[in-house]
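S.K.: Pasting a predicted model and its sequence here:
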Amino acid sequence: MKRLVLIPFFFAILVAPAFSKDVIRYKLPHSDFPIAQAVEIPAGQSLIFLSGVGPENIDKSLPADGTAAYGDMKTQARSALTSIAATLKSMDLSMKDVVKMQVFLVGDAANAGKMDFAGFMASYREFFGTAEQPNLPARSAMKVAGLVNPGWLIEIEVTAVRK
Amino acid sequence: MKRLVLIPFFFAILVAPAFSKDVIRYKLPHSDFPIAQAVEIPAGQSLIFLSGVGPENIDKSLPADGTAAYGDMKTQARSALTSIAATLKSMDLSMKDVVKMQVFLVGDAANAGKMDFAGFMASYREFFGTAEQPNLPARSAMKVAGLVNPGWLIEIEVTAVRK
Amino acid sequence: MKRLVLIPFFFAILVAPAFSKDVIRYKLPHSDFPIAQAVEIPAGQSLIFLSGVGPENIDKSLPADGTAAYGDMKTQARSALTSIAATLKSMDLSMKDVVKMQVFLVGDAANAGKMDFAGFMASYREFFGTAEQPNLPARSAMKVAGLVNPGWLIEIEVTAVRK
């Protein structure tokens, strides 16, 4: 009988790394800005890299390479995030599973070439750091010189995990 | 004897996460654009992060900080991708193992500062989405304000996996 | 008794992927530039994604959205790297555990819009490729059109691993 008792014991020690623990989201210190300082993904989880996602065309009567067809930054950011949420859902994942995000923003000719970071954040806050979805990703955001579609003011790339 | 039968059974259940499944490449819906919508890397695989790679100098008689020494976008993209393929090969990997790519493009002063995205894609299609190499990575592409070498029109960063 | 001998044997074979091997850092060929050509993270390690980090404000009497409050590129790069080292330390990690870095640099209006790459490298070399800390990350660096804080000349994003 002793053998039977010992086997699970050895097992627990040796196999431990194969069981995935939960993702750890480190809070940004002294700040309530809705991104994580860092996110740790323990071994044993799947990583899902999504391609960068831009906004949907909301007015097909307008030129597809102009900003007007996609709306202002707030509209475009909400559109891109909505698409990402739908893609994640199709994979049985959700925004809760996003661990990393990069945001590529473009300056708006209609606004002296400045990027509308506040507009982006307004839509971002609808998806991250809410009561229903408190999970925050590690994030970098920057103004780039341009995106593949000249009408896009934003492209968002996320990485998610599956336990 | 019953014990001997049971042990492998428990084993299979508990250790399952330690065996790596295949990478899953999600197809971009309603599109034949040669990138994946997402790529999922199951637990148990190695991740390989490559540094960003620019083009090789093809004419050392020209200034090393000028675009002419590296060629046009199509030439530079093919050069960078060829270098990446060689690096992967030296690690016993190949373009088939690439799961993620970021492409940093620069506008060409010779073309009113526009980036030659079509030129990049022409070379990209030689390496990804072919009959011999159908595996597509998750990808983001953007125009940046510049690269470390002022002669470069492109830098490409890839992540690969090893099962 | 034979059974007892066999069980650990099967065990060792089947569970092997669950034990994490060391990170492999591939040296850049024909170069002593202090980045890795690639870094391979064997299965079984935790991945830690940090948010992008900019410099600390060093003179709060100056406008918080101007470059002067943060110093020149060398100063800003050292500040961002020092913050990253402190964040890693708070997680029981260090610069030795960094496997990937992306560096987003901004041109300096005080220098005809050029980015001070040499200034960045001077500070980078204090943290990577030293006798005490020889571990080099895979890295990409680029000039972006701007960062979220208009006074920042640099933002650095790193990924680390925990064995």
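M.R.: Yes, it's here.
S.K.: right, and A:Pro34 touches A:Gln133 too?
M.R.: No. With contact defined as Cβ atoms under 8 Å, A:Pro34 does not count as touching A:Gln133 (10.5 Å). Using the backbone N, CA and C atoms, a C-beta is placed for each residue, glycine as well.
S.K.: Could you identify the helix or strand that succeeds the lengthiest helix in chain A?
M.R.: Longest helix of chain A, by residue count under DSSP state H: helix A:73-90. With elements assigned by DSSP states H and E, the helix or strand that comes after helix A:73-90 is strand A:98-105.
S.K.: what's next to that next one, contact-wise?
M.R.: Strand A:98-105 is touched from outside by A:23, A:39, A:41, A:52, A:73, A:84, A:88, A:115-117, A:120, A:128, A:135, A:137-144, A:147, A:153-161, B:140, B:142, C:49, C:157, with contacts defined as Cβ atoms under 8 Å, 6 or more residues apart in numbering or on different chains.
S.K.: Show only the entries of the residues you listed found in helices.
M.R.: Mapping the contacts of strand A:98-105 onto helices (DSSP H) picks out A:Met73, A:Ile84, A:Leu88, A:Phe117, A:Phe120.
S.K.: show me the contacts for the second one.
M.R.: I take that to be A:Ile84. Contacts for A:Ile84 were tallied using Cβ under 8 Å, 6+ apart; they are A:Leu50, A:Val53, A:Met95, A:Val98, A:Ile156, A:Val158.
S.K.: What residue, apart from its backbone neighbours, is nearest the fifth one spatially?
M.R.: Same thing as A:Ile156. In space, and not counting its chain neighbours, A:Ile156 is closest to A:Ala80: 4.8 Å by Cβ to Cβ, 6 or more residues apart in numbering or on different chains.
S.K.: show me what contacts the one you found?
M.R.: Listed by Cβ under 8 Å, 6+ apart, the contact set of A:Ala80 reads A:Val53, A:Gly54, A:Pro55, A:Ile154, A:Glu155, A:Ile156.
S.K.: Need the pLDDT of the first one.
M.R.: Reported pLDDT at A:Val53 in the predicted model: 98.
S.K.: What's the local residue count around the residue lying closest to A:Glu40 once chain neighbours are set aside?
M.R.: Across the structure, with Cβ to Cβ, 6+ apart as the measure, the residue nearest A:Glu40 apart from its sequence neighbours is A:Ile24 (4.1 Å). Under the neighbour criterion other Cβ atoms under 10 Å in any protein chain shown, A:Ile24 is assigned a count of 14.
S.K.: ditto for A:Met121
M.R.: Residues near A:Met121, counting by other Cβ under 10 Å: 18.
S.K.: quick one, what contacts A:Val161?
M.R.: Residues in contact with A:Val161 (Cβ under 8 Å, 6+ apart) are A:Val23, A:Ile41, A:Gln45, A:Ser46, A:Leu47, A:Ile48, A:Asp97, A:Val99.
S.K.: Let me fix that, I meant to ask about A:Ser51.
M.R.: Counting by Cβ under 8 Å, 6+ apart, the residues that A:Ser51 touches are A:Glu157, B:Leu28, B:Ile35, B:Ala36, B:Gln37, B:Ala38, B:Ala138, B:Arg139, B:Ser140.
S.K.: For these, give me JSON lines that also has neighbour count, distance to C:Val106 and pLDDT.
M.R.: Conversion of those to JSON lines gives the following (neighbours: other Cβ atoms under 10 Å in any protein chain shown; distance: Cβ to Cβ, whole Å; pLDDT from 0 to 100):
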{"residue": "A:Glu157", "neighbour count": "23", "distance to C:Val106": "20", "pLDDT": "98"}
{"residue": "B:Leu28", "neighbour count": "16", "distance to C:Val106": "33", "pLDDT": "97"}
{"residue": "B:Ile35", "neighbour count": "22", "distance to C:Val106": "28", "pLDDT": "98"}
{"residue": "B:Ala36", "neighbour count": "26", "distance to C:Val106": "32", "pLDDT": "98"}
{"residue": "B:Gln37", "neighbour count": "19", "distance to C:Val106": "32", "pLDDT": "98"}
{"residue": "B:Ala38", "neighbour count": "26", "distance to C:Val106": "31", "pLDDT": "98"}
{"residue": "B:Ala138", "neighbour count": "27", "distance to C:Val106": "27", "pLDDT": "98"}
{"residue": "B:Arg139", "neighbour count": "24", "distance to C:Val106": "25", "pLDDT": "98"}
{"residue": "B:Ser140", "neighbour count": "24", "distance to C:Val106": "20", "pLDDT": "98"}
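S.K.: Now distance to B:Phe104 too, for the residues you listed, in JSON lines please.
M.R.: Conversion of these to JSON lines gives the following (distance: Cβ to Cβ, whole Å):
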{"residue": "A:Glu157", "distance to B:Phe104": "13"}
{"residue": "B:Leu28", "distance to B:Phe104": "21"}
{"residue": "B:Ile35", "distance to B:Phe104": "16"}
{"residue": "B:Ala36", "distance to B:Phe104": "19"}
{"residue": "B:Gln37", "distance to B:Phe104": "21"}
{"residue": "B:Ala38", "distance to B:Phe104": "21"}
{"residue": "B:Ala138", "distance to B:Phe104": "16"}
{"residue": "B:Arg139", "distance to B:Phe104": "12"}
{"residue": "B:Ser140", "distance to B:Phe104": "10"}
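S.K.: Tell me which two of those sit farthest apart.
M.R.: Greatest spatial distance in the contacts of A:Ser51: A:Glu157 and B:Leu28, 14.4 Å, computed using Cβ to Cβ.
S.K.: before we move on, back to that, which ones among the contacts of A:Ser51 map onto strands?
M.R.: When DSSP state E defines the strands, the subset of these inside them is A:Glu157, B:Ala36, B:Gln37, B:Ala38, B:Ala138, B:Arg139, B:Ser140.
S.K.: ok, back up a step: C:Ser61: which of the contacts of A:Ala80 is nearest?
M.R.: Using Cβ to Cβ, the contacts of A:Ala80 come closest to C:Ser61 at A:Ile154, 34.8 Å.
S.K.: what is that closest one paired to in the beta sheet?
M.R.: Note on A:Ile154: beta-bridge partners A:Leu105, judged by DSSP bridges.
S.K.: Compute the number of surrounding residues for it.
M.R.: When counting by other Cβ under 10 Å, one arrives at 30 neighbours for A:Ile154.
S.K.: What residues does it make contact with?
M.R.: Under the criterion of Cβ under 8 Å, 6+ apart, the contact list for A:Ile154 reads A:Gly54, A:Pro55, A:Met73, A:Gln76, A:Ala77, A:Ala80, A:Val103, A:Phe104, A:Leu105, A:Val106, A:Phe120, A:Leu147.
S.K.: backbone phi and psi for the second one, please?
M.R.: Read that as A:Pro55. Per-residue torsions, A:Pro55: phi -80, psi 160 (degrees, to the nearest 10).
S.K.: Hmm, it is touching A:Gln76, no?
M.R.: Yes. At 3.8 Å, A:Pro55 counts as touching A:Gln76 under the criterion of Cβ under 8 Å.
S.K.: before we move on, back to that, can you redo the contacts of A:Ala80 as JSON lines with distance to C:Asn111?
M.R.: What follows is these, written out as JSON lines (distance: Cβ to Cβ, whole Å):
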{"residue": "A:Val53", "distance to C:Asn111": "35"}
{"residue": "A:Gly54", "distance to C:Asn111": "33"}
{"residue": "A:Pro55", "distance to C:Asn111": "35"}
{"residue": "A:Ile154", "distance to C:Asn111": "29"}
{"residue": "A:Glu155", "distance to C:Asn111": "29"}
{"residue": "A:Ile156", "distance to C:Asn111": "31"}
